[in-house]
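[1] Could you work out the structure for the sequence below:
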Amino acid sequence: MHREGQRMPHSLLQASACGYYGLWQDAATAPPCTESSPSGQGFLARTCVQWEESTASVENMGIRRCILRFSPVLGKKSSGAAGGFLERMLPPFRYFVGGPVGSGRQPISWIHMEDVTRIALLLLEQDKLRGIFNATAPETVSMRCFAHMLGKACARPSWLPVPAIAVRLALGEMAEELVLCGQNPVPYRLMDAGYAFHYSDLEQALAQTLA
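    I've put the predicted structure just below:
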């Protein structure tokens, strides 16, 4: 609760996820999801909706609110090893048995950690910006393309698909939402604000992450 004389924050940056938009099985037919697209179905979508609604009241206090809907982040751990979702995908590649997960057609969106930092700074510095922002690289790829690029970045083949049934056995009902489906979010509002992505090319982003 705000007390008299207590200094209020100027802005709130809230992390959410592109899972807000729902799930698609094929990158070729997944529609572009803009910041004004409706929420989708599923646990992740419902969670994102509730999480974003939880901070709506700060705007009544005069606090500027920016919600960042993130794609999976490509970045490094402090130890230098790849972190985030790459940490779960890399082990098979390192043993020469890597490949796409499931059908290989599902859309995979992503963003590099350096762009995450730059976007946060942009939103903190420009008072006129508020509301929803898709924090995602401009180009979504298929799982098959992502696996191919990952194999290339770590000098390993990408030839052995992981069957969907194996993923479902490992992850249960969350397999569809976490791995076997995806979204095609587009960062329209960031681009309209003049933001230029430092890493817009997946091959370059993976090479830097794994260097």
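
[2] Okay, helices next: where are they in the chain?
    43-53, 86-94, 113-125, 143-153, 164-171, 175, 188-192, 202-210 (DSSP state H).

[3] thought A27 was touching E139?
    No. Judged on C-beta atoms under 8 Å, A27 makes no contact with E139 at a distance of 10.5 Å. C-beta here means a position set from N, CA and C on the backbone, and glycine is covered the same way.

[4] Tell me which residues are up against the helix or strand of the chain with the lowest mean pLDDT.
    Counting by mean pLDDT, DSSP states H and E, the weakest-scoring helix or strand in the chain turns out to be helix 86-94, with a mean of 88. Under the contact criterion C-beta atoms under 8 Å, 6 or more residues apart in numbering, helix 86-94 has outside partners 74, 77, 81-82, 98-99, 101, 147, 150-151, 154, 156, 158, 160, 162, 209.

[5] check contacts around H148.
    Counting by C-beta under 8 Å, 6+ apart, the residues that H148 touches are P100, S158.

[6] when you give positions from now on, start the count at 59
    Yep, numbering from 59; the last one is H206 now.

[7] and the gap between the most centrally placed residue in the chain and C91?
    Per C-alpha atoms, centre = their mean, the C-alpha nearest to the average position across the chain is that of S129, at 0.6 Å. Separation of S129 from C91 (C-beta to C-beta, to the nearest Å): 11 Å.

[8] Spit out the residues that contact those two alike.
    What both S129 and C91 touch, as defined by C-beta under 8 Å, 6+ apart, is the set C76, N192, P243.

[9] burial measure for A263, as a count.
    A263 is flanked by 24 other residues according to other C-beta atoms under 10 Å.

[10] any idea of the pLDDT on the residue nearest to the centre of the chain?
    What the model reports as pLDDT for S129 is 97.

[11] And it, its phi and psi?
    For S129, the backbone dihedrals (degrees, to the nearest 10) come out as phi -90, psi 170.

[12] who touches it in this structure?
    A75, C76, S167, W168, I169, N192, A193, T194, A195, P243.

[13] Closest one of those residues to Q184?
    Among the contacts of S129, A193 lies closest to Q184 (C-beta to C-beta), at 15.0 Å.

[14] that older thread, out of the helices of the chain, which gets the lowest mean score?
    Among these, helix 144-152 scores lowest, with a mean of 88.

[15] Report the distance from that helix to the chain centre.
    18 Å (C-alpha atoms, centre = their mean, to the nearest Å).

[16] just stretch 164-181 next, same as before
    7 Å.
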